[in-house]
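In: model this:
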Amino acid sequence: MNEILTIEEIYARFSDEWVLLENPETKETLEIIRGKLLFHHKDRHEVHRKAMELRPKHSAVFYTGRIPSDMAILI
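Out: Next up is the predicted model:
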């Protein structure tokens, strides 16, 4: 891993997965443009474990799949 990918490349390669990026480049609206891929996995808990292990200073974690309408999202 450790390659810089655009958000489009991430969605194409890692469908329905949780993604951990380091130093994400964002628009003014904080929408991710690209970032350094650190880890990806189907299980959100695995991605959070990896984030705790690596402890990146600036990171983003997000899901590339469709979020069910009955799921609550906390930010």
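In: check which helix or strand covers the nearest residue to Ile10 once chain neighbours are set aside.
Out: Spatial nearest neighbour of Ile10, excluding adjacent residues (C-beta to C-beta, 6 or more residues apart in numbering): Val19 at 5.7 Å. C-beta here means a position set from N, CA and C on the backbone, and glycine is covered the same way. Using DSSP states H and E, Val19 maps to strand 18-26.
In: what pairs with that strand, and is each one parallel or antiparallel?
Out: strand 32-41 (antiparallel), strand 59-63 (antiparallel) (DSSP bridges).
In: Make CSV out of those and add distance to Ser69.
Out: Below are the strands paired with strand 18-26 laid out as CSV (distance: least, C-beta to C-beta, whole Å):
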stretch, distance to Ser69
strand 32-41, 23
strand 59-63, 14
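In: Any idea what the residue nearest to the spatial centre of the chain is bridged to?
Out: Central residue of the chain (C-alpha atoms, centre = their mean): Val19, 3.0 Å from the mean position. The partner list for Val19 in beta bridges (DSSP bridges) reads His40, Phe62.
In: I'd guessed it sits against Leu37; true?
Out: Yes: contact criterion C-beta atoms under 8 Å: Val19 and Leu37 qualify, at 7.1 Å.
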